[in-house]
Every structure is written in C-alpha cells, then in structure tokens.
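*Asks:* sequence-free structure coming up:
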C-alpha cells in the first residue's frame, strides 16, 4: 500500500547538505580526512535556529524541551546543545558530533537525547534532518495511546504529506515507545521496530513528544507539521465521541 | 427562505477582475483572441499570495495542502501550482489555465485538484475566486459528519455572512462528499448535488477540508471565515453534549 | 452583595470623552448648539479603530460581524459603519449618530444594531463605550445556555474585573436573550430585564455574541476581556464534566 | 525520589540579582544601611515589564489580573503595582517594598497580593523571582481539583523542567488552596503545607490562578511554562476520558 523511501545513494550529499554551497560539497568529496566543518556547521546552525524559532512560536518546544539536528556530511551531525531555549537559538547553540556521538569540539557536551538522533542517521542514511518536539497534542496522544503501542492513521488526505504516501486509503503507523531516562532503552525499542521490517517515519515517546525526520530540513518539517495536524485530529475525533 | 445568488451577467467582468486596472478590462473586451494575460496573472498572483499568507497564519493550510484560484477573464483562471508552501507564496507560484484545465504556459503542470476549481467556475459563472483549505475544524467535521453526507447550519447569526442569507432562521446545508484520489469521482458528486437544484456555497471532502468561493476574493474569504467559525461552533456544541 | 455603579453625573464628560483634548471639552460646554463634532469624531474613530484591530486579532470579530461605539458628548455617539472588516478599521469607518439614531451626516447609514448601543447609552447614561463582539466562546455559550436565559458566574476571582464587584463570592448574571432580525424585539428584552431592577453589565444574544460596555473604552475592554475569559472557563468546566 | 533545592547561601546574591551590574552588587555588600535602590529597581522593573509582555501575549494575564516580583537584595523586593495592564508594563509600574511589605516610596501602595509574594521570599530565601498568572488552564484546573486540594503530576518528561526533578517517574504535587479576599487566609494555608515539610514549587488558588517562583526570573519562567503545559495536558487527558 505504501512505497518505502528509495535506497540512499546517488544524490545523497546534495540532499543532506542542501544549504551547503556547491564549492564546499566539492571540497568534502575531494578531502577524505574530515577537517573541522566550520562553514557547514554555521550553515546548519543558522537553519536550525530559524526552524527552532518557528516551532517555538507554535508552542511545540515548551521550557527548553526539544532538540533538532541536521546532517553535515557522511559522518558528522549538527545538533542543538542541551538546555537552550529553542525559541531564541543562534548558530552558537548548535554543535557538531560524529555519528558515534563524539563531539568535534571536546569542550562541548551533547545532550543525552542526541543518541536517538544518531540512531536514525545511522539506520536510515538518506536522513538529512531530525526534529524532536514536545507539543501538547504529541504529549497527550503519547499518554493516551501508550497502552496500544501505536497510533494508526487512516483516511486522512494529509497522510500524503509523508514522502511515499499517495492516498488517504493507506495506513500510517506511528509507534509509541515507553519513556526512559536511559536512551539505550528507547534505542532498543526503535531497533526492534525496524528489525520487524516495518516502515518508520516518526515515533512518539510516552509523555515525551515526537521524533520525525526527512531527507532534508524541508521534508522533516513537512512531516512534523502533518503529524502534529493528524494527531490533533485523532484526539479531537476521540473528544467528539469517535466517528459514528 | 434563502435567496439564490443573482444570475451572472451584466457586471461580471468588473467583479471577477476586481484588481484588474480599467485599461486592461477595456483591452480584453476589445480583443476576442486571448493573448497571454501577463499583467492580469501577476495581479491575481499577488492577491492569491497575500490571501495565502493570511490563511496560512491561521493554520488552515498545513504541510503544503490547500489551493487557491481567481478568475482572470471569461475563459482563464489563475491557480496555485501544486506542492508549494501556502504561507510563502509569490506571484511566481500561480499559473494560468483555461476553463478546460489546459495550462497557458505548457511548461507548468497544474495540480490535479484544479479540476474542482474549474468545475465551480463553469457551473457558477459569477464565481470570481475559489478557496480550498484544510483546517483542523474542517477536517474533523468532515470525518464526523461524513456518514450523514451533510452538515446543516441553523440558528447562527453568522450565516448572514453568506451572500443571499438574511436571517439566522434560514438553513444552510454544507454537503460532505467522500474523498477520492480521482477528481472525477468528486466532480460527479458535486454535479449530482447541483442537479438536484440545491443551493451550493461550499462543500467538504471527507478527511480533506473545505471548498468555498465567491464573486471575488473578498466574498470568498468572508464565506471561508464564516464557515470555519460555524463548523467550529457546531463541533464544540457536540463536545459540550449538544443544545439541551 | 454587589455595588451598583455610582449614579452618573459630576465627572461624566471627562470620562466619556477621555481622549478628547481639554480645549474641546471646554468648547462643548460653552456651545449649547451642537456643531458637527469633527475633531471628537476623529478621536473616537481612531480609538475604535485601534481597539477593533486588537479584538479582531483575538478572532472575536469573524467575517465583518461585531460593532463598536463611543460616546462623543451628552447626545452624540460615534459608531462603526456596518459591514466593514473590524480588523482594518480606519476613522473613516466610524460615523456620528444622535441618541435617537439619526446620523449627523445624512449620507451615511448606521447599522441596524446601532439601536442596541443607543439603548445602553440612554438607559445607563454613565456609559462611555459599548462593544459588541462575536467570539467562538460567546456564540457557543449563548446557544448552550439559551434555554435557561442566563449564565450565572460565581466563584471566579476575575469577576472582580467588573466594576463594582469586589469578591469571587459575589454572583454575576449574564442574561441570554433570543436572537431576532428585528432590533426592537431585543430592545424589549433588555428593557424588561432592567425594569426588574437587576444589575446589567453585559448580555448575550442567542447564536449572536456579546454586548458589554463601560464608562470609557478601557473599562468596556476590561469587561469584555473578563467576560470572554469567564465564559471560556464555564464552557470548559462543562466539557470536563463539571465541578465534582 | 526528588531532590529538594539546595540550601540558600553562597552564591545567593549573584543569582537573585542576575541583571544587577557587578558594581552595584559590590556596593550593596559594602553598605549595610540600605539606600533607595534606584538603579536596581529600574533594572528589575525593565525585566518584569519584558516578561509581563510575553506572558500577556500568551493570554495568561487577562483583564489586569496577575502580578510579578523580583528580589532586589536581602530585604527588598520589586513588585508590580496593582491594577496595571500586564501587557503594557513599564519600569514605572514596578515599586520596591521591604520583606515586611512596607513600600520604600510611601506614596505608592502595593497590591494586597504582595503578601503572598513576600511569604515565598521569606520562607524560601533562595527565591529570586515570583510569578502569579491567571491562565485559562490554571483557573479551570484550580476549580476542577479544588475538592482534592492537590494536583499530582506523574509520568511527564516535562516535570524535569522543575529544578531538582530528574525523571518522569518522580511525583510533583501542586496544592490547590481555597480562594479568599483576605491574604492571611491563603498565607496560613501555604504555611501549613510547608510545615508538613512537603516540597513546594508552585500552588494554585481556587478560581484564581497559579503562583510559582525560581532562583531568578529565567527559572521562574521555566517553572511557569512547564506547569502551564502540564496542567493543560492533565485537563486534556480528562476531556479524553483519562488514560485507558
């Protein structure tokens, strides 16, 4: 019913680094030894700050919750430093880490939740941006559907905003994983889901909000905006007594 | 109880092209062979972009959903190109198509849903603007009332915002048609409704939002704003257990 | 339990015309024959336009609904011309009428609902401003409580925002009158309420929104803001199953 | 399960006066006799005005409700003058009072609710800022949970936004005290709660909104934002029928 996203590859660098000037893409292909990606980090930081301000304006990042990341190249990710107000981010609030979680600048400490971002970049290498938000609807839906472990979206035209979906008649599963202060617990849940060969475009953590992603920031944002809308609709149908 | 809108005719051009300078109206009356209406398209594009930004700010156009159009002249419609973010439209995101759906610039492809816009322009020739939005209330109401096929509005003062309505005691029917990825299915439903000689000011598609229109953009926007408000009220009365 | 507002009188002119410069107050006291109050109308128009933009930004004036007025002097009221978008008012959208409803500029036609404004200015002469809005909460509450004819507010600290109320333990009655397209019907309901010597700070019309007022525009706005808040709370308590 | 906040002391002055220039901190340590803290009051007034505008923009301070304060030094508090619109505060709307409630400028009268602010500064001396707001969710929750006397928050990741909380598995109690027009009644309830040696980060007054605080304004705002979010979630779970 649903097409999986195409295998990563050919046009991968161009997608992941869509705000990187051509020159720096050329340079990174030429240079196998990664030098500190200062310009790329600044570009990603600026993009993350811009998106953060917009998401915060929607009220989706209360009280310094939420974190955002973008792929800089094959092995490096730009990610927000923990504890900053997501509505007033600047490029200085974004740091670079390797896919293994090691910070490129050792004086900075990435947030614990960075592990969940990196897991997606490793397991779905076409991923160019990951967004974790904490909206009212996401948080309430995660509590309400935790006992089922999944929210099944069906019959909504806006499912087509998720890349690969072409009809409201398709079925879009958003798993709900139990919360834990140990990220390894959550990583294990995500791994188990993926190992059952099920499509995964987003997941909720109980009482803790949503993770979603895309090949670049525009796609990640579109996925986030569509899922927020669809969760709000599902909750409201429930408030209204369900579809007769 | 309700007056139908007057037959199209006399002041049609002036209404449909209300942002067109007098000179260009004169020109289009003189010239039976349509030349590419560059200035008119630019004017309509600017108006559509302005309205799109306002509707997007209300959250009624999530994730590149929604499309908007304006009549340029008897046989030409300006319509948004598919897939653009409705909050950041520019005149370049709007293209011209004939009433038969053929693009005037063959390098652009109109969205599939353009067919639903054109159907309204053909069947209600006094129409000057068509708006399709995808708000939370429209989408939830469309799922909730789909089994009845219609939402009956009655007793609301704001029904008077719909042209032709003069009392809260009138009855305003908004049909809810099943969704389909084949626009011809939806067109057939609209045709069937109109052939039963029922008034039609707007319709919902199940899980997919609202279509409404007016003799010009201001009337179309007023109809949209009023219907959004009335659907929200109907849903809330239901949440509150209904009128005792 | 509740103090009625003090009798009108002494500082009446200063209150009613609080944006009128001292010089023009002096002039109007000197001149018993009313000349067209151009400067006062312009001042009131500017104030009404400013307030209208703020109320529209809250979404309380959908689709050209709502109207606003201010007292210019003992016998003249500035009131919005019917049918204008309340979010983009200018002083030119405001006209002057006598307390009998006669327009000072006979080329302009006041809206039918002006009669309800004038009734308040005549019956409560200390009134300096009247606001009629059409918010979601006002409209839904008016339908839900219409069968009782009144909404009783009790136990809310914000009741103290209504002039004369000093405790959450007081009781604030907001009557709900049936809607009519004949203003005389609604006027008769208001008269009947007042003749039973009941306090009246605001009233709802079924399916049609709220009227409230104050000695000047700031008090009228405070009353409106407080009542909108309290109606929203009452509705939500009902959605939540009521106070256990 | 939960760590109490560290005892006040060492870095207290630096935290409480975080917008005070170093020079003035040095001066206040040197000078045991307090001179009128003009510059500090102006700084606190500017900060309170900025925060007030942001809280008002969220709709959390309807109709001149709410009040805010900041600690200026060991024995002086800057607090909003009663009755001002919290969305348009200037430093002139903020006055200085001693911990005993006596105004430093005897021509100004602090609001009655100032007593509740001072109680917190006295009993939890590490406190640098107190915020009292009156949002829809706070007000509705306070009515709904008044009969229990407490709202128990549990299972929400955002509990970690409260200083000292490190897990969603902790339990965060927000007491709900009965409203009174005599502040001494409410003070006695707060005292009784604290004397049972229970942690207290915030409390609701029935029908009257929330008090919360922090070591400085940023912490107080984070606590407010998190509690507003969590109360909204609790209410919505209830609307949705509760966790299955």
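*Replies:* Yep, that arrived. All of these numbers come straight from a predicted model, not from anything done at the bench. Numbers count the residues shown, from 1 in each chain, chains lettered A, B, ... in the order given.

*Asks:* So the residue nearest the centre of chain A versus chain C, what's the distance?
*Replies:* Nearest residue to the geometric centre of chain A (CA atoms, centre = their mean): residue A:130, 2.5 Å. Going from residue A:130 to chain C by CB to the nearest CB, to the nearest Å gives 34 Å. The C-beta positions use only the backbone N, C-alpha and C, and glycine is treated the same way.

*Asks:* What separation do you get for that residue and residue B:46?
*Replies:* Look at residue A:130 and residue B:46: by CB to CB, to the nearest Å, they are 37 Å apart.

*Asks:* what's the answer for residue A:216, then?
*Replies:* Look at residue A:216 and residue B:46: by CB to CB, they are 29 Å apart.

*Asks:* where do the strands sit along chain A?
*Replies:* Using DSSP state E, the strands of chain A run over residues A:67-73, A:76-80, A:94-98, A:129-133, A:150-154, A:171-177, A:202-205, A:209-214.

*Asks:* could you dump those strands to TSV with mean pLDDT and distance to residue D:139?
*Replies:* Shown next, in TSV, are the strands of chain A (pLDDT from 0 to 100; distance: least, CB to CB, whole Å):
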stretch	mean pLDDT	distance to residue D:139
strand A:67-73	96	32
strand A:76-80	96	34
strand A:94-98	96	38
strand A:129-133	98	27
strand A:150-154	98	31
strand A:171-177	97	31
strand A:202-205	98	29
strand A:209-214	98	26
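
*Asks:* who's in contact with the residue nearest to the centre of chain A?
*Replies:* Taking CB atoms under 8 Å, 6 or more residues apart in numbering or on different chains, we find residue A:130 in contact with A:68, A:69, A:70, A:117, A:120, A:121, A:211, A:212, A:213, A:220.

*Asks:* And residue A:184, by the same measure?
*Replies:* Neighbours of residue A:184 in contact, by CB under 8 Å, 6+ apart: residue A:115.

*Asks:* same check, this time on residue A:116
*Replies:* A:132, A:183, A:186, A:187, A:190, A:211.

*Asks:* circling back to that earlier point, name the nearest of the contacts of residue A:130 relative to residue B:137.
*Replies:* residue A:212 (24.0 Å; CB to CB).

*Asks:* What is the burial count for the residue nearest to that closest one when sequence neighbours are not counted?
*Replies:* Nearest residue to residue A:212, sequence neighbours excluded (CB to CB, 6 or more residues apart in numbering or on different chains): residue A:202, at 3.7 Å. For residue A:202, the count of nearby residues is 23 (other CB atoms under 10 Å in any protein chain shown).

*Asks:* is it possible to export the contacts of residue A:116 to CSV including distance to chain B?
*Replies:* Output for the contacts of residue A:116, formatted as CSV (distance: CB to the nearest CB, whole Å):
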residue, distance to chain B
A:132, 18
A:183, 29
A:186, 26
A:187, 28
A:190, 24
A:211, 17
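
*Asks:* Pull the most distant pair out of these.
*Replies:* Across the contacts of residue A:116 (CB to CB), the longest gap, 13.7 Å, separates A:132 and A:187.

*Asks:* which of those two has more neighbours?
*Replies:* Per other CB under 10 Å, whichever of residue A:132 and residue A:187 has more neighbours is residue A:132, with 25 against 17.

*Asks:* contacting residues around the more buried one?
*Replies:* The contact partners of residue A:132, taken as CB under 8 Å, 6+ apart, are A:66, A:67, A:68, A:113, A:116, A:117, A:209, A:210, A:211.

*Asks:* Just list whatever residues bridge to the residue lying closest to residue A:114 once chain neighbours are set aside.
*Replies:* Closest residue to residue A:114 apart from its sequence neighbours, by CB to CB, 6+ apart: residue A:79 at 5.2 Å. Counting by DSSP bridges, residue A:79 is bridged to residue A:69, residue A:95.

*Asks:* mind checking the longest helix of chain A?
*Replies:* helix A:217-239 (DSSP state H).

*Asks:* Specify the angle between that helix and helix D:217-239 in degrees.
*Replies:* Between helix A:217-239 and helix D:217-239, the angle comes out at 50 degrees (axes from the mean of the first three to the mean of the last three CA atoms, to 10 degrees).

*Asks:* Return the distance of helix A:217-239 from the chain's centre.
*Replies:* How far helix A:217-239 lies from its chain's middle: 14 Å, per CA atoms, centre = their mean, to the nearest Å.

*Asks:* pretty sure residue A:147 contacts residue D:242?
*Replies:* No - applying CB atoms under 8 Å as the test, residue A:147 and residue D:242 come out as separate, 11.7 Å apart.

*Asks:* who touches stretch A:216-232?
*Replies:* Against stretch A:216-232 from outside (CB under 8 Å, 6+ apart): A:15-16, A:18-19, A:47, A:51, A:55, A:58, A:60, A:70, A:128-131, A:133, A:135, A:137-138, A:141, A:151, A:153, A:156, A:158-159, A:161-163, A:172, A:174, A:201-202, A:210, A:212-214, B:62-64, B:136, B:139.

*Asks:* quick one on the thing from earlier: in ChimeraX, how would I select just the buried ones from the contacts of residue A:130?
*Replies:* Here is the ChimeraX selection string for the buried members of the contacts of residue A:130, based on 16 or more other CB atoms under 10 Å in any protein chain shown:
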select /A:68,69,70,117,120,121,211,212,213,220
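
*Asks:* The closest residue to residue A:91 other than its chain neighbours: how many residues sit nearby?
*Replies:* The shortest distance from residue A:91 to any non-neighbouring residue, by CB to CB, 6+ apart, is to residue A:45 (3.0 Å). Neighbourhood size, residue A:45 [other CB under 10 Å]: 21.

*Asks:* who's in contact with residue A:45?
*Replies:* Residue A:45 touches A:78, A:90, A:91, A:92, A:93, A:94, counting by CB under 8 Å, 6+ apart.

*Asks:* mind redoing it with 10 Å?
*Replies:* Contact partners of residue A:45, counting by CB atoms under 10 Å, 6 or more residues apart in numbering or on different chains, are A:70, A:78, A:80, A:89, A:90, A:91, A:92, A:93, A:94, A:95, A:96.

*Asks:* these two touch, right, the second one and residue A:92?
*Replies:* No - counting by CB atoms under 10 Å, no contact exists between residue A:78 and residue A:92, whose distance comes to 12.0 Å.
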